[in-house]
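Q: Structure for the following, please:
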Amino acid sequence: MLASRLVRAAGERAGGLAVALGPASAAAAVSFCAIFFGGGLTAATLAWIGALALVGAALLTGAALLGALPAPTLDGPAALFLGSLLGLAVWCGFSTVWSISPERTWGYTNRTVVYTAFALLGLVAGTRLPRARLAAGAAALLALLAGFALLAKCVPALYDYGRVARLRSPLGYWNELALLCDAGVPLALWAAAHARRQRARAAGVVLLYALALTLLLTYSRFGVDRRRVESLAALAVGGGAGAAVFGIALALPGITNDGEARSVRAHDGWIFALVVIAGAALVSLAALALAGREVPPERRAGIERAAGLAALALALAGLAVSIAFAGSVWSEFTNPGSQLSNNVSHLASAKSNRWIWWQEAWHAFTRHPGGGTGAGSFELTNQMLRRAPVVVDEPHNTPLQFLSETGVIGFLLYLGVAGGALWGAWRARREPAGLALGLVVAAFFVHGVVDKDWNYVATCGPLLLLAGALLARRSATHARRPLLAAGAVAVALAAVYSLTAPWLAQRQLAKGTPASFASAHSYDPLSVDALQGLAAFDDRPGHYRDADRLYRDAVALEPQNAETWYALGVFYFEHEAWQRAYAALNNAYTYDRFGTFARPCGLLDQARTKATGYTPPTLKCPGSKRPASP
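A: Below is the predicted model of the structure:
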């Protein structure tokens, strides 16, 4: 009884903190951090943003379980969404047992756990958030994003674009920035048509302008409601101005050309800034003028009919063009050939390596249909099957990725996540703000079919939070469950440790000392880098067996990783164990035909000659070379 009282008191204090902070504030703060600081794929970024999401979700859930906040009810779609997402995280963790890369699987499991926390945070916070307020908050975040992205293009000191000019700040990847811009379009149209004040409606049009311009500058390859006329006007003004400013940007080499010097980018950045500001001012004035005019009801039907006919004509024309060029487009997509461009010509090209990567992912699934190759392990699949030196870590198709890496079970769980979220989006369509938010959620899952969204907490986190908030409904009961609240906090703390351990291991690896490698191995026992680092320091007279054991332990962790076999082969080569060196290096070549060890007259050829005495007659080597360090 004493323990129960202590747990209850601690939970009530936590609940009081959650209430003081506010569910809306917590959701907004975590989403802001994810969007502006979560673009990279580093363990450090995932650790601190994930910890914020986990702690926030634990506090809000604990407060709801203690009655300090309204508790959400897990009806059909909410239970399907949250249960499938939690099940997917658990199944990803289970796949570590059979994964071809347990370390990558651990990291991918951590990522999915963080997304579960985002979804739970949205589900709890959504019980207190009206959908109009939720839509307004999401639109404000996306306005900040588009504003910063364009500012960083104008001021090179804010983001170094280097050789490639495609807009990607602050997310680091142009397609994810494009996804958030796409998601913002229905929110901007909702604000332009449904805001109570004229200035707010004008702000919606300006947001549409900024999103359209940002989207076009990414070079990446839009849901209107009852107030269709106002939405069409906003689309024409904002989208048209965005396209016009994009046309001007194409004439500025420092904005849209690759390989330009920093001085050129700085010079053209100021010109582009003035053009963007002038465009925003004109859009704002036009939107204010339009917002002050009410279209008579008798004219609405005619305008809507004309717009519908124009849209139908465009659709038919697009269908005809698609049929006429379907063969060449399909051929270009499935046979990309030369290096893909990252300039404006990318918009008019169907070239993509995705078809190749999808085939590789399908190949892996057909050989491991039950459990896949392990969550997050596609990089090794691609390394083994690739036809060019470029290595990718995802097949750029999220459902197919889960099918390949986690088998049929993981794929069905992902479909459950998507089904629950889309069910909630469909249910919210009767309300204008709900329709806009539902389209955002739908855009996220559609985009996942052609890209690697699950890799980016900047998009997955906030959009899954939004999906959870759309599913939120208050429970009719208010029973207190202090032990369950304490359990939620305990699970969150365990997950925080799981997030921070790989990051701590990476910090130790960077020090490069025997003690730091041992410490890294204690934090992350699945790290092959830690084992190979320890083996390199043990590779001295009298310690051959210890080093040999560590290198072989690394191979045992990832037996389909060419790099682990290569490191073992180098070790045997340096110790003149020619047969073992040849066998290890030949295995490295089997799992990666484009590695440094596969070069003519390289280590593999030298080891084969030493071990077998055979040199291919077409191979002419000037002399043996000392191997490079692993």
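
Q: distance of residue 526 from residue 484?
A: Distance from residue 526 to residue 484, counting by CB to CB, to the nearest Å: 31 Å. The way it works is simple: take the backbone N, C-alpha and C, and place the C-beta from them, glycine included.

Q: which one of the two has more residues nearby?
A: Taking other CB atoms under 10 Å, residue 526 and residue 484 do not tie; residue 526 has more neighbours (21 against 13).

Q: Not counting its neighbours along the chain, what's nearest the residue nearest the centre of the chain?
A: Nearest to the geometric centre of the chain sits residue 456, at 2.2 Å (CA atoms, centre = their mean). Leaving aside its sequence neighbours, residue 456 sits nearest to residue 176 (CB to CB, 6 or more residues apart in numbering; 4.9 Å).

Q: again, but for residue 87
A: Residue 87's closest residue in space is residue 413 (CB to CB, 6+ apart), at 5.0 Å.

Q: Please tell me I have it right and that neighbour contacts residue 90.
A: No. Using CB atoms under 8 Å, residue 413 makes no contact with residue 90, being 9.0 Å away.

Q: ok, back up a step: for residue 558, see how far away the residue nearest to the centre of the chain is.
A: 25 Å.

Q: low-confidence ranges in the stretch 151-300 of the chain?
A: Applying pLDDT under 70 to the stretch 151-300 of the chain flags residues 195, 219-235, 238-239, 259, 287, 289-300.

Q: change it to 80
A: Within the stretch 151-300 of the chain, the ranges that satisfy pLDDT under 80 run 159-166, 192-201, 216, 218-264, 266-270, 272-273, 276, 279-281, 283-300.

Q: what's the answer for the stretch 1-150 of the chain, then?
A: Low-confidence segments of the stretch 1-150 of the chain (pLDDT under 80): 1-22, 39-43, 63-73, 128.

Q: ok, which stretches of it are strands?
A: Counting by DSSP state E, counting those that start in this stretch, the stretch 1-150 of the chain forms no strands at all.

Q: Spit out the contact partners of the closest residue to residue 128 other than its chain neighbours.
A: Closest residue in space to residue 128, ignoring its immediate chain neighbours: residue 23 at 5.3 Å, by CB to CB, 6+ apart. Residue 23 is in contact with 60, 69, 124-125, 127-129, counting by CB atoms under 8 Å, 6 or more residues apart in numbering.

Q: Please check those and keep the buried ones.
A: Listed as buried from the contacts of residue 23 are 60, 69, 124-125, 127-129; burial here means 16 or more other CB atoms under 10 Å.

Q: all helices for the stretch 251-400 of the chain, in order.
A: Secondary structure of the stretch 251-400 of the chain by DSSP state H, counting those that start in this stretch: the helices cover 253-256, 262-291, 297-334, 354-367, 378-385, 398-427.

Q: Do I have it right that residue 440 meets residue 186?
A: Yes. At 6.3 Å, residue 440 and residue 186 qualify as touching, with contact defined as CB under 8 Å.

Q: what sits against the closest residue to residue 374 other than its chain neighbours?
A: Closest residue to residue 374 apart from its sequence neighbours, by CB to CB, 6+ apart: residue 99 at 2.3 Å. The contact partners of residue 99, taken as CB under 8 Å, 6+ apart, are 105, 373-375, 377.

Q: can you redo those residues as CSV with distance to residue 365 and neighbour count?
A: Below are the contacts of residue 99 laid out as CSV (distance: CB to CB, whole Å; neighbours: other CB atoms under 10 Å):
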residue, distance to residue 365, neighbour count
105, 16, 27
373, 9, 25
374, 12, 30
375, 13, 32
377, 12, 27
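
Q: Any idea how many residues pack against residue 459?
A: 27.

Q: where's it relative to residue 576, distance?
A: Per CB to CB, residue 459 is found 52 Å from residue 576.

Q: same deal with residue 155?
A: Using CB to CB, residue 155 is found at 58 Å from residue 576.

Q: So between those two, which is more surrounded?
A: More neighbours surround residue 155 than the other of residue 155 and residue 576, with 14 against 9 (other CB under 10 Å).

Q: neighbours around the spatially closest residue to the more buried one that is not a sequence neighbour, how many?
A: Nearest residue to residue 155, sequence neighbours excluded (CB to CB, 6+ apart): residue 269, at 5.9 Å. For residue 269, the tally of surrounding residues (other CB under 10 Å) stands at 21.

Q: Thank you, goodbye.
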